[in-house]
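**Q** Sharing a sequence plus its predicted fold:
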Amino acid sequence: MSLRDSWRKCLSFPFLSEIVAILIAFLLGSLVLLFTGYPPGQALRALFRGAFGSRNAFGQTLTQATPILFTALSFLVSFRAGIFNIGVEGQFLMGALVAALAGTSIKVLPFPVHLLCALLAGGGGGALWALFPAWLKARFGAHEVITTMMMSYIASYFTSYLVNYPCKAPGWVAQTHPVERSALLPKILPPTQLSFTFVVALAFAFFVFYFLFRTYLGFQIRAVGLNPEAASNRGIPIASHQILAFLLSGFVAGIGGAGEVLGVHGKFVDGFSPGYGWDGIAVSLVGRLHPFGCVFASLLFGLLRAGGMTMTRVTKVPLDLSLIIQALVIVFIAAPRFIRLVFLRRKE
Amino acid sequence: MPPLLEVRGLTKSFPGVLANDHIDLEIEEGEIHGLLGENGAGKSVLMSTIYSLYRPDEGRIFLRGREVHMVSPASAIRCGVGMVHQHLTVVPHLRVWENIVLGEEPRRGVFLARREAFRRIEALCRETGLQLDLHAWTGELPIGLQQRVEILKMLYRGASLLIFDEPTTVLTPQEVDQLIAYLLRLKEGGKTIIFISHKLREVFALCDRVTVLRRGRKVGTIVIADASEEKLAEMMVGRKVFSPKRGEEKPKETVVLAVEHVSTLPERGKALHGLNFVVHNGEIVGVAGVEGNGQTELAEVLVGLRKVRQGKISLRGEDITFASPKERIKKGLAHIPEDRHRRGTVLDFTVTENLLLGFEDEPPIRRGRWTIDLPLLRRFALSRVGEFEIATPGVDVPVRILSGGNQQKVVLARELSRPVSLLVACQPTRGLDVAATEYVHRKLLDLRKEGKGVILISADLDEIRALSDRVLVLYEGRIIGELAPQSDEYQFGLLMGGKSLVAQG
Amino acid sequence: MSLFSILNLSLFQATVRMSMPVLFAALGGMFCERVGIVNIGLEGIMLNSAFFAVFATYLSGNPWIGLLLGVLSGVGWGLVIAFLTVKYYGNQIVVGTGVNVFGLGFSAFMCQRIWGSRGASESVVGLPLLRIPALERVLGENTVFVYLAFLLIFLSHLFLFSTHWGLRIRAVGESPQSADAAGINVHGYKIVFVVVGSAITSLGGVFLSLAHLNFFAWGMTSGRGFMGLAAMIFGKWTPLGCFLASLLFGFTDALQMRLQALGILPAQIILLFPYVVTILVLSGLVGKAIPPSDYKPYEKR
């Protein structure tokens, strides 16, 4: 009796289905390793060592978590307004590019001012890239899932074109000139790449939380997202609030891209994003579409990325295992009932 | 001989509601059996369970003395049971004949046998006298004709037991008479019919026996010849029926709302044509009509969700024709939307958040430039919940888990949080139980007593006649006439069916 | 002059060929949406089937076995998507996104494991040409896919509008309550036709890896699954419409390849064409398309 009670108590733990989903994803990932002839135990150990094993490893995890936290917050803001901004990747890239251009071309401003300008320029670039699909949705009813997706592809080819031709720095690598020192975000844990960007990301998580849950505008945006008809019935304009959320979403993604350029790489390198934008969608969902949840979820995904690199180096297991595990987490998180009914045998 | 249908101990519960509590029922072959009860008494649930749309928690069902285990509507159909639902189940973008044969299509090889289908349906039409254009898009037909599609669907499948779930709510009194005539004809043809209703008049005109349900329990079954209206009414409600008292009339000095020559375009719904009426203070103006004749659109025009093409609307003398919904709310216009799940509430918001909706950007709730004053909001929510007797486990639970009546109270509490001069109430008691209905009626009458204006748009003619001072009848987007609530039902019927009194001579 | 010289019969033939992957995705997506499921995962399904087709061909040396395994992988993913979205009411867009991420990660992982490079596989034997001289004069030399596609368009049209299954599919998508009341197994229909749609989509992936390139390359579908969705919307959820819309995408793709060969513009700019066209199609030309369903999960009580 008491055993059953404690089982029931366990089942009512609020993040249980998320945790179970993550565990199952790791389990299935190990099965993939097993079937393809890699030793799963060794690989996972290398993965976790690469993520937490040392001060440097931990710094690496936080570094990898940073851009994902930005993209997750970006997706979250749009989702709360009832918009599926699948194209966070594009806004992230455009933000990075614009920040790189601002960082290289402006030469007269002193340190914090230049940095701030470059960051905001990045945010603006992202917002502008989101404005177009927002306008298409409001004006023509074009569904944002496909338009933002297409805008992502366009952004990736367009930025690639720019750093391959007009904005290319001399040399073999397709990249821009390095950003002026006055626009760089300081590193906080040398020799790792961890920079002040991480702190900015945490600040944004709090900002998004405060905006959505403590301000009237955030309240209105959430109302529009949950039930546009009821919201408009109470005098909240739907279209303008959705566009606003779209812009804000693009802005956050753009800041994320700018943070990578100004904090980590110091320039825009062609193809530097291994799909941070796509990760953000997953992280948002794993974080239950709450800013603070996103912080924890982005750490999980940062762990997968940072640890994945060590894993690949040490055990030769392809880096894409991280992607497989991420995908499985997404799929299982998408259907919480599946987890509850099949794995926990709990009735609704 | 065993009865055609026998139900024993049928129980069905939904989260938080015991919809059917051990119900026994016997339906004899060839009878029309009435199933009577208030809204929320469990009639529809009982029939939907018999039709296997819902799975019963317990209980047994016998057909012609043999126990059946029907797991889906498909097996119910195979057993010869057919059902016309309250919310019609036709597919709008299929043609009439496609809807009729859906699920039981005649085939030639792998293809649909169109000609065969037509032959069979036309034969049925001749037999029953139900006429229909089989090629029409079903969604474009008026509701009355869509209902015929449903009836033909059942007959096409050879159903011998026909269940009608409140078929008359969407019809004019004349169409109701027509339907009753059809049903009697079907009975002569050997069909057995279960007729769900909460209207006594129809039950008396049609049924042989009647079973009364109250709050999920069976009260009893009686032969109609032994019943009287009073007795059935008492069985239904379990006590004396509350009839709202309007109280004496007050002198109507000021015009609260004036609608002058208002017309709209027919996008996303019916067009309105040259509407012209006023609402005085201390007055309830009812808007009657068969559903889909512009009631929704009228409400949208009044609250600012639909553009006016021509004409003028003024509230207390102020022109609000082009004011936004927000401006109208601030000027004292309150609104109970017809669908509280879609328009009235945000189901996933908490009670507090739902009460806040529409006030979030104004002081004192908004403190400073952006922020919401949470402690003040909480006090506000608690006081509303207390004042409007909202039964809820707390102010921080989602409105989704409340009962329909309490959800409606949340809407009322919110809408009446601000000084109101006019309330537009659309179907305010639809789907509510007796107590909640009484509560809403009392609130409307209170507003009237306080000298506010109320527009009551309802499909329930009885409700409109009981509460209103004057009744406007809406037909095809026009106000086709005005009646006193005491006028007899026949006159209402004529107007609702589009026959204006003037044209009658 | 050089611009006009590329507008010839061979451009038309390339158009038809390049429209194939988009067309299969569009038809597959159409079946899913007709029963009320938005399948964003078309891209991942295609990528996976492209990989499996090459993988099986590599092991067996027989491209037909590759085709079979490619389609089977589509069936498999169709089952996963169908069960998660229909039976467990999973969010359709999220599940689809997961399938896309998985498609990308899994194919690259396996590619690296088998061929030692996550970029591209070794070349394998492609599917042989199907010789129909009469049609070759117009369509050029083609594998079975082009003919299969024409057959599929024709059959889908008949299926959807002239059989009782088609009637039921349309009813299930538009009004599941009505279909249920008419005794139709709503969940069954949804599951079966999400699987059918996914299988059709996987043909597009197999086309890319066994008829177009004869090897697997990282991310080789490059958004054609999403273009398929756009083509389906542009084609108003009908087989013929899907076909015409896919031709448009095929044309931009073919034109892009010609222009690239001429070296007039940098590759990245030319590669943008199909995506820009997709956006234009979605916004300017279709306007507000009315979908055949509200895509809400149908919950039986």
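**A** On my side now, so go ahead. Residues are numbered from 1 along each chain as shown, chains lettered A, B, ... in the order given.

**Q** Run through the chain and note the low-pLDDT ranges.
**A** Unless you meant another one, I'm taking chain A. A:1-14, A:344-348 (pLDDT under 70).

**Q** hm, I was asking about chain B
**A** Checking chain B against pLDDT under 70 turns up B:15-16, B:39-40, B:238-251, B:500-505.

**Q** Near chain C, which residues of it are found?
**A** B:14, B:51, B:53-55, B:72-78, B:83, B:85, B:87, B:89-94, B:98-99, B:101-105, B:107, B:110-112, B:153 (CB under 8 Å from any CB of the partner chain). All C-beta spots, glycine's among them, are computed from the backbone N, C-alpha and C.

**Q** what about 6 Å?
**A** B:54, B:73-74, B:77, B:89, B:91, B:93, B:98, B:102-103, B:105, B:107, B:110-112 (CB under 6 Å from any CB of the partner chain).

**Q** Show the buried residues in these.
**A** B:54, B:73, B:74, B:77, B:89, B:91, B:93, B:98, B:102, B:103, B:105, B:112 (16 or more other CB atoms under 10 Å in any protein chain shown).

**Q** ok, which pair from those is furthest apart?
**A** Pairwise distances across those peak at 31.0 Å for B:54 and B:112 (criterion: CB to CB).

**Q** picking up where we left off before, out of the residues of chain B next to chain C, which are inside strands?
**A** B:107, B:111, B:112 (DSSP state E).

**Q** Widest-spaced pair of the residues of chain B next to chain C?
**A** Among those, B:54 and B:111 lie farthest apart (CB to CB), at 35.1 Å.

**Q** Go through the chain and flag its longest helix.
**A** In the absence of a named chain, chain A is used. Secondary structure of chain A per DSSP state H: the longest helix is helix A:111-140.

**Q** let's do chain C instead
**A** helix C:9-34.

**Q** And that one, what's buried?
**A** For helix C:9-34, burial by neighbour count (16+ other CB under 10 Å) applies to C:12-34.

**Q** how about it against chain A, any contact?
**A** No: residues of helix C:9-34 are not located near chain A by CB under 6 Å from any CB, the shortest gap being 10.9 Å.

**Q** could you point out which element follows that helix?
**A** helix C:42-60 (DSSP states H and E).

**Q** Alpha carbons only: can I get the host helix or strand of residue C:137 in CSV?
**A** Assessed by DSSP H and E, residue C:137 sits inside helix C:133-139. Taking C-alpha atoms only, helix C:133-139 is exported to CSV below (Å, rounded to 0.1, in the frame of the first residue of the first chain):
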residue,chain,number,x,y,z
PRO,C,133,10.7,4.8,-77.2
ALA,C,134,7.4,6.5,-78.0
LEU,C,135,7.5,8.5,-74.8
GLU,C,136,11.2,9.0,-74.8
ARG,C,137,11.1,11.5,-77.7
VAL,C,138,9.2,13.9,-75.5
LEU,C,139,10.2,13.0,-71.9
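
**Q** Give me the mean pLDDT for that helix.
**A** Average pLDDT, helix C:133-139: 79.

**Q** What's the first helix or strand after that helix?
**A** Following helix C:133-139 toward the C-terminus (DSSP H and E): strand C:142-143.

**Q** so what does the helix or strand following that following strand touch, helix or strand wise?
**A** Once the chain leaves strand C:142-143, the next helix or strand it forms, by DSSP H and E, is helix C:144-162. For helix C:144-162, the elements it packs on are helix C:9-34, helix C:239-262, judged by 3 or more CB pairs under 6 Å, 6 or more residues apart in numbering or on different chains; DSSP states H and E.

**Q** how about 7 Å then?
**A** Applying 3 or more CB pairs under 7 Å, 6 or more residues apart in numbering or on different chains; DSSP states H and E, one finds that helix C:144-162 contacts helix C:9-34, helix C:164-174, helix C:239-262.

**Q** got a list of contacts for it?
**A** Helix C:144-162 is contacted from outside by B:111-112, C:16-17, C:20, C:23-24, C:27, C:127, C:130, C:139, C:165-166, C:169, C:200, C:203, C:207, C:211, C:239-240, C:243, using CB atoms under 7 Å, 6 or more residues apart in numbering or on different chains.

**Q** Show the pLDDT at the nearest residue to residue C:203 once chain neighbours are set aside.
**A** Nearest residue to residue C:203 in three dimensions, chain neighbours excluded: residue C:24, at 4.5 Å (CB to CB, 6 or more residues apart in numbering or on different chains). Here, the pLDDT recorded for residue C:24 equals 97.

**Q** Distance check, residue C:24 against chain B.
**A** Per CB to the nearest CB, to the nearest Å, residue C:24 is found 23 Å from chain B.

**Q** go on, residue A:103?
**A** Residue A:103 is 31 Å from chain B, by CB to the nearest CB.

**Q** Neighbours of that residue, how many?
**A** For residue A:103, the neighbour count with other CB atoms under 10 Å in any protein chain shown is 30.

**Q** What is the three-state secondary structure of it?
**A** helix (DSSP: H, G, I helix; E, B strand; the rest coil).

**Q** from what I can see it touches residue A:118, true?
**A** Yes: judged on CB atoms under 7 Å, residue A:103 makes contact with residue A:118 at a distance of 4.5 Å.

**Q** Name the residues contacting each of the two.
**A** In contact with both residue A:103 and residue A:118: A:183, A:262, using CB under 7 Å, 6+ apart.

**Q** Pull up the distance across stretch C:226-245, start to finish.
**A** Its start and end residues considered, stretch C:226-245 measures 13 Å (CA to CA, to the nearest Å).

**Q** Would it count as contacting chain A?
**A** Yes: shown here: stretch C:226-245 in contact with chain A (CB under 7 Å from any CB of the partner chain) through C:226, C:229, C:230.

**Q** what sits against the last one?
**A** Residue C:230 makes contacts with A:146, C:278, C:281, C:282, as judged by CB under 7 Å, 6+ apart.

**Q** Okay, and which of those map to helices?
**A** Those of the contacts of residue C:230 lying in helices (DSSP H): A:146, C:278.

**Q** Out of the contacts of residue C:230, which is nearest to residue B:394?
**A** Nearest to residue B:394 among these, with distances taken as CB to CB, is residue A:146, at 41.8 Å.

**Q** which residues touch the residue in the stretch 151-300 of chain C positioned nearest to chain A?
**A** Nearest residue of the stretch 151-300 of chain C to chain A (CB to the nearest CB) works out as residue C:268 at 3.6 Å. Applying CB under 7 Å, 6+ apart, we find residue C:268 in contact with A:157, A:160, A:161, A:164.
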